[in-house]
Structures are given as C-alpha cells and as structure tokens.
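Asks: heads up, no residue letters with this:
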C-alpha cells in the first residue's frame, strides 16, 4: 500500500506571548479583551512597546492620547513610549 | 461612566478587600454604589513617628480613571502632621498629578503614602501651610505643585 | 291560562265613573241579583248563560254605583266558595291511581281558571271600582285562588297526594321513563300561583334530590371506571338543567345544580382526580380530561386539587424519565414529547388556564433538577445531534422549531455551566472536524442562548465562529505566501487558528510527523507570526484531519481520515505488518488515542487494516497489516468519524473542568462573604453563598469547601461555637 497525503486540514491555537496575565492598564486578562470590547483576539489586539511592556492596543492608545505628545511614557516603566515594530 | 473605569475599580476593590497590604484597611461598604468615592484607612507603621495613629484617605475618581489620577486627600479629625501634608488634608505627592500612570492603583497610592509617612523624621506642617490653606482650591489637583526632593525637607 | 289571568289582574285601570247617580227601581234590582246568581251558576255548571252579557255587565255597573259593591262581592264569594267546596269530592276517590289523580286535579285547576276568567268578565266593574278602592279586598282572581288553595289543594290528603305524585313523576323521569311534562309543568305553575311552590314542593324536592345523588355518588364513583363516571355526572347535570328549563321554577335551578355538583363532584373530587388523572394523562384522553376539568371547575377547590395532582403527576413521570440511567439515550426526546403532550392537554382540555401553565413549568424545573448535570449534558448533546451535518430534519424552519422547543427545556436547567461546557465541546467538533447542518441554524441557536443567558454566556462561543471566519480569510494569503517559498512537496494545507481561551482545553500531544509535514507547519508558523506578532502558536494534532490517496492493489481510493489515522496509515508505506507497540513508538500517539485510532481503522465499518488476532479491543500484542484486497464501491471514503465521537475520557474531562471551576467559584464566594461580614453563623453563610452562586450545590459539598478553607487558614471556627466562623485576615 502506498499512502500519500493530498490535503491536510490542521488545527493550531494561539496565545499572546506575554509575561503578565493581565493588562497593566485595565487589569483585564490578555486572553480576554479590554473593557470596551466584546471579542478578544484580532478585534482587540495587544501591542508591545520598545521597553517590551505590552497592553491592549485600545488601552495604551487612550493613555497616550491623555498625555502630551512630547512626553508619552510607558505606564509600567515611565520610559518614553515607542511601538515595537517586528 | 466608562466600562474601563467601572471594571477596573471593581477589580481593585475586590483585590483591596481580599488582599489588603499591611497598614491599609478598606471597608467596601464605605464606597458609594457607583464606586466613585472611596474611604481607606491607613495606619502609621510600627517604630515610625506615626506608630499607632490612624488616618482616613479619601479617593475620588472621574470617568477617565485610570487614564487620569484620582483626587486623594486626608479627611477626618486626624490629618497627619507631615512636611508634605497640609492641614486641610492636601498631599504634595508627584504620583497624584504629574507622575501618575495607569499602572498605579489605589493600593499603590496608599502604599506610597504610608511609606512617605514612615520616612518622615520630624512632624511639622509644610512651611507655606497657612498661606496655602487659605488660598488653595478645594481640589488639590488644581494646585500647581512644586515637588520637593524628600532629602531636602 | 293562569299566566294570562295574572297579567290581566295586574292591569287594573282606575277609571272613575262620571255618570250621575240613577235611582234603581227595587223590582229591577231583585231581578238583577237573580240574573247574576244564575249566570255564575251557569258558568260553574258549564252551561250557556241565558242572559245578554251586556245586560249583566250593565247590572254590575249599576249596582256598583249604588253602593251595593260590598254585598255584590260577598254574595259572589259565597257562591264561589260553595262551588269550590263541592268540587273537592271529585278528588276523594281512593281508587284513582297517582296519574289519574294528578290529571283530575289539573283539570279542576284548569276549569277553575277558566271559570274565574269568565266570572271576572261579568264582574269587571266590581274589580275596577270596589276592589281598587279597598286595598284589603282581594281581586276576584286572587279571591278565586284563595278559595282553590284553601278548600282544594291545602286539604291534607290532596296536598300530600299532589306533592308525592309530582315527586314520583320526576323520579320516574330520572330513571329514564318518559313522562307527561306539560302536566307536571301545569301543576307546578298551579303551586306557584297558590304560593305553595317553595314551601310545600321545592324544599322536599331538593331533599329528595340530595339523598338520591348522595347514594348515586357513593355507588357509581366506586363501581364505574372514572371516564364513565365523568360521563354519568355530565349527563346528570345536563338532565337537571333541562328539568329546570322544562318545568321547574327558575329559582330552583341554582340550589338544584349546587346540590348535584356537591354530591357527585365536590364530595368525590379527590377520588375522581386520584383515580382518573394518571390513567387519563397516560392515555392522553383529551376529551375526558376536558370533561374532568369542566366538572371540577363547577365546585369549590376542584381546580386547585386538580392542579396539585397535575403537578405531582408531572413530577412523578418526569422523575422516572430523568433518574433512570438506562433511559439516558432517549431522555431528551422523551422530555420533549412529554412536554408537548402536557402542553396540548393544557391547551385543549384545561382551557389554557395560566395556573396550570405555571404549574407545568414549576414541576418541570423541579424534576429535571432532581438529577444534577446529566440533563444539561444530554440537552447539549441533543442540540449537537440536530445541528450536525447529515441530520435528517429537512428545512431550517423545522430545525428552528426543534431548537425553540429544546430551549424551553434548557430554561429549566439550573446548572447552565455544564450545558455550556458540553455545548462548546460539540460546537468545536462541528466547526473543526465535521460540518454543521446549517450556518443559519448555528447562528439562530447562538442568538437564542444569548437572549436567554446574556452576552457573557455566549461571547466565547461567538469567538469560536470568529476564529473560523478569520482562518478562512487568512488562507488565500497563506497560499500566496507558500507560492513564494520553494517547497518540494505539493501538499494542500489549510489551517484553522483558534484563540486558545475561546475553545475547550485540549491536551497537547507531540506526535511524530514526517519531515515534509513539519516543514509545512514551520512555514505556516512563520507566515502566521509575521502577520500577528506577539503570539505563540501550538498545534493540536488530535483535531487535524487529512484527505489521503491510498493505492490498494485493487484500486486507488481517496480516504478522509483524522491526522492520527493518517500517521498510522503512513507507516504501512514501508512495511506490510507492524505491531501495536511499534506503531505507538513510531507515531508518538499516546496509548488511549492509539487504541481508538486502530480500532477505527481495523474494527469499524470500513476496514483498511487487519488486526491479528481478530477482536473488538486492541491489545498490546496485536499486530496490524493493511488490507491488500481492499474493495469499496465508492472512490471517496470517510473513516474519520472517530473524531466526532465523544470518548469517555472527554466526557469526564469536560465534567471535571466544570466542577473544578465551580469549586473556585464557591471558594471565592465564601471568602468574599466572610471578608465583608468577618463573623458569620454556618446557616447565614450557606444562605449567602446560595444567593451568590448560579449553579446548584449540595450542602455536603459546600461543607467540604468550608472545611478546606478552614484548613487553608482563610477562616476559623469559633472556639465555643462550632457553627460560627471567623474570617482570618
């Protein structure tokens, strides 16, 4: 007998690669979304700063908007905030 | 009221009630139903100038919390005599205004204040107490604070 | 007729006589007296009157204007009295039977009425002047009645014979005989005219009725089957109502029917309901149930009793459906049938009574929760069965109706978390392995759950659909990405990427994949992470499946298999026979999954492997070989059903996770309560916990959690009172 695979329907699951379970701003788990959203995942994603701290994107944006443009800092370490680009 | 504020304050409240840090006690009944006004009891740490004394801190939250700092003052008959605390209960502490961060919390603020009390070497009012108290706004966040370095006071 | 007479009597006209008084010649006067006396006698004797009526009438008029009215009235009264007295002898005849007697009396009465009408015609002026002016004087008609009552009917023997005769006639009719209804009606009218109906007849009649039905109630409720008894009662009530219509006075209807209802229904209601309800409900006799309902509605507390028994019936039958583990397979279907049967009973037989609707609801809730967790699990599985592809329910509307019905059951369930866990597990399989019968039906079900339990309950389920949607959108990009990579193999790979927290927990299993599969996985991983930074990806090998081309000596086949089945089959590319243990080692599939996988390939409907030795269970020493003479009439073959089936392990895991979650919730609730209250008695703590939790807990389990928290120093017992707890800060 010779068996060859023609089609493969694989299943994978993903998790955020984070050190902390909860967002430092809203305190909700990263596995669920920020308090203003309903569905976690792609609709309420997570972003990292160059300082390697991460937050719900909606949370960090709100914090950055409430600060002066010049001195936007990371809520965790107070280093000036820059989005980490991969 | 925003979801973020509501959910976060609920979480903080649960945590403060279930795992209160040393020297801080909080009776959840003292918070109003919308959770916008809290009263927290702090006790002076052992072997400090405030040993055995207890004080009441009042927290007021706006819908912008935690993106905006809470308004925090001492209330009640016993206002700690401290070089950074005015006799009307206002506190000169940078994390309450300029250095606020949403990563801070009620618990973090309480602990900062306890440690501020603990590090005090002499029980005196701030030098400008009389002038400040007679001219300042009710809301300490409206004051333009000039933050002293602790080592100088 | 008596009634006509009565109406004449009531229309007295007060017309004053304006004629000037005329002196009457004495001789003429005497003659008038004689003529009038003569005329009345003629009427009594049923002879023609020999005088002109007009003259007689005039004579009366003249006499009345010459203040002779009292004498005229008295003379007439005496004449009638004598006649009436004399008539009595016609009834004193011992040889007359009951019937003849009544007929005789009736004819006397009829004659009396006719005669009085004629007499009154002559004496009309007397009635209109003298009687009108003297309130104490009876009208001529009433005077006649008075005489008839006094000298005929009130005569002791006459009265007794009359009443007995009437009662016996009615009793004969009750026994089914046809009787002369108009005779009885006429005589009862007579009694009524004579003011004798109520006192002399009705009271006795009601007594007789009551004792008759007391006996019948006693006897027939024992001797008849309940459906027959109900029909009998119904018939009796109808008959008595008709009796009222035909000859009894209106006033008799209410006491009569009350008496019948009391004796036949009210005093027998427990028996009727006890004996009747189970049998009638079991056999679904809607007409008889309706009759039972309408009869019981007639009496005090009848429906309350029925409602109580209805509830007990539902609970009794329902409990046996739910508690019997042998019937688990059919439980949900049975419950649905049971519910719709009861619904139609309420609708068609119980008059849509809201009280019964509520009782049905409460009773279902009570019995369904007598068995914890299992009903919730089975309801979830029932829905899965309906939503799976290949389900027989034809249209979406039909399916939606079924789902609506099942939602009613779902509402009764207290442990909704158990339902959610099983529903989620099955939904995952529908989305990943099999197919769903209809996307619309899935969405409609989701909406129903959302409406019932809120968005919090369904947000993760919605997330699962979102994940599948996102994965679909991602695939074209992935294909493009693959085109730019140089990969030797030509494998069509699709990936469903799930957000871990939305889905059931799956045990990771590190299976050994062929090199090229690993490289495909790596490529996908690279592609995915380049699109979504900050994520970790884990492969779930137990959920994957493949389409493989298998070259059997007798022909080529396309087979749909699970990934694990694929890995096993691939081993036979190099060797024809491999032992169980070797297969396990070469594929990395864990023991239980390996046995299941081999069973599906070698012991199922479609067998591509031989098991040596033969048998249903896979043993450690078994050896497997591919079926060299494999034949199947189709080219495409599916053997991946193994993934759709629920394993015992899966079932236990799902349930256990719910329980574990519940324990956390119980602990958290206890701690929360103790923290705010500091000191609390056991009873108060338990009440507070029950208030906070949404799922059922046994008191003994709650006690265990409290013990455990005391052990872990979250709280302590009072030194003096073991049922008092203190919070430990």
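Replies: Here it is on my side, so go on. Since the model is a prediction, treat every value here as computed from it, not as a measurement. Numbering: from 1, shown residues only, chains lettered A, B, ... in the order given.
Asks: give me the element residue C:241 is part of.
Replies: For residue C:241, the element it lies in under DSSP states H and E is helix C:226-246.
Asks: Going along the chain from that helix, find the next helix or strand for me.
Replies: Assigned by DSSP H and E, the successor of helix C:226-246 is helix C:250-264.
Asks: Going by contacts, tell me the helices and strands next to the helix or strand that comes right after that following helix.
Replies: For helix C:250-264, the following helix or strand on the C-terminal side (DSSP H and E) is helix C:269-283. Contacts defined by 3 or more CB pairs under 8 Å, 6 or more residues apart in numbering or on different chains; DSSP states H and E place helix C:269-283 against helix C:226-246, helix C:286-296, helix C:302-323. (Glycine included, C-beta is placed from N, CA and C.)
Asks: SS state for the spatially closest residue to residue C:555 that is not a sequence neighbour?
Replies: Excluding the flanking residues, the one nearest residue C:555 by CB to CB, 6 or more residues apart in numbering or on different chains is residue C:631, at 7.7 Å. Of the three states, residue C:631 takes coil under DSSP: H, G, I helix; E, B strand; the rest coil.
Asks: Please verify my assumption that residue C:631 contacts residue C:557.
Replies: No. Residue C:631 sits out of contact with residue C:557 when judged by CB atoms under 8 Å, with a separation of 9.5 Å.
Asks: Who has more neighbours out of these two?
Replies: Neighbour count, other CB atoms under 10 Å in any protein chain shown: between residue C:631 and residue C:557, residue C:557 has more, with 19 against 9.
Asks: can you give me phi and psi for that one?
Replies: phi -130, psi 150 (degrees, to the nearest 10).
Asks: need the contact list for it.
Replies: C:549, C:550, C:630, C:632, C:635, C:636, C:637 (CB atoms under 8 Å, 6 or more residues apart in numbering or on different chains).
Asks: out of the helices and strands packed on helix C:269-283, deepest packed?
Replies: Mean neighbour count, computed with mean count of other CB atoms under 10 Å in any protein chain shown, is highest for helix C:286-296 among those, reaching a mean of 20.
Asks: Walk me through which strands the least confident helix or strand in chain A by mean pLDDT pairs with, and which way each runs.
Replies: When the helices and strands of chain A are scored by mean pLDDT, DSSP states H and E, strand A:46-48 comes last with a mean of 88. Strand pairing for strand A:46-48, determined by DSSP bridges: strand A:54-56 (antiparallel).
Asks: chain center to the strand it pairs with, what's the gap?
Replies: Here the centre of strand A:54-56 is set off from its chain's centre by 4 Å, with CA atoms, centre = their mean, to the nearest Å.
Asks: Spell out, range by range, the helices that occur in chain A.
Replies: Using DSSP state H, the helices of chain A run over A:57-65.
Asks: what about the longest strand in it?
Replies: Secondary structure assigned by DSSP state E gives strand A:2-16 as the longest strand of chain A.
Asks: which strands and helices sit next to that strand?
Replies: Looks like strand A:2-16 contacts strand C:492-499, helix C:515-531, strand C:535-539, strand C:545-552, helix C:563-571 (3+ CB pairs under 8 Å, 6+ apart).
Asks: and among the ones you listed, the most buried is which?
Replies: Mean neighbour counts for the helices and strands packed on strand A:2-16 (mean count of other CB under 10 Å) peak at helix C:563-571, with a mean of 24.
Asks: how many degrees apart are it and strand A:2-16 in direction?
Replies: Counting by axes from the mean of the first three to the mean of the last three CA atoms, to 10 degrees, helix C:563-571 lies at 140 degrees to strand A:2-16.
Asks: do helix C:563-571 and chain A meet at all?
Replies: Yes. Judged by CB under 8 Å from any CB of the partner chain, helix C:563-571 comes into contact with chain A at C:563, C:566, C:569, C:570.
Asks: as a whole number, average confidence for the next helix or strand after that helix?
Replies: Later in the chain than helix C:563-571, the nearest helix or strand by DSSP H and E is strand C:577-579. Average pLDDT, strand C:577-579: 93.
Asks: and strand C:577-579, which residues are buried?
Replies: Residues residue C:578 are the ones in strand C:577-579 that count as buried (16 or more other CB atoms under 10 Å in any protein chain shown).
Asks: Parallel or antiparallel, list what pairs with it.
Replies: Under the criterion DSSP bridges, strand C:577-579 sits next to strand C:623-626 (antiparallel) in its sheet.
Asks: measure the nearest residue to residue C:309 once chain neighbours are set aside to residue C:299 for me?
Replies: In this structure, residue C:309 finds its nearest non-sequential neighbour in residue C:273, 4.7 Å apart by CB to CB, 6+ apart. Per CB to CB, to the nearest Å, residue C:273 is found 12 Å from residue C:299.
Asks: Overlap in contacts, the two.
Replies: Contacts common to residue C:273 and residue C:299, judged by CB under 8 Å, 6+ apart, are absent.
Asks: still on that earlier bit, for PyMOL, write the select line for the buried members of the contacts of residue C:557.
Replies: The buried residues among these can be selected in PyMOL (16+ other CB under 10 Å) with this line:
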select buried, chain C and resi 550+630+637
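Asks: spatially speaking, which residue is in the middle of chain B?
Replies: residue B:72 (4.3 Å; CA atoms, centre = their mean).
Asks: Quick one: the helices in chain B, in order.
Replies: Using DSSP H, the helices assigned to chain B run over residues B:3-18, B:106-118, B:129-135.
Asks: Distance to residue B:81 and mean pLDDT added to the helices and strands packed on helix C:269-283, as a markdown table?
Replies: Formatted as a markdown table, the helices and strands packed on helix C:269-283 follow (distance: least, CB to CB, whole Å; pLDDT from 0 to 100):
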| stretch | distance to residue B:81 | mean pLDDT |
| --- | --- | --- |
| helix C:226-246 | 91 | 91 |
| helix C:286-296 | 83 | 89 |
| helix C:302-323 | 71 | 92 |
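Asks: Fine by me, we can end here.
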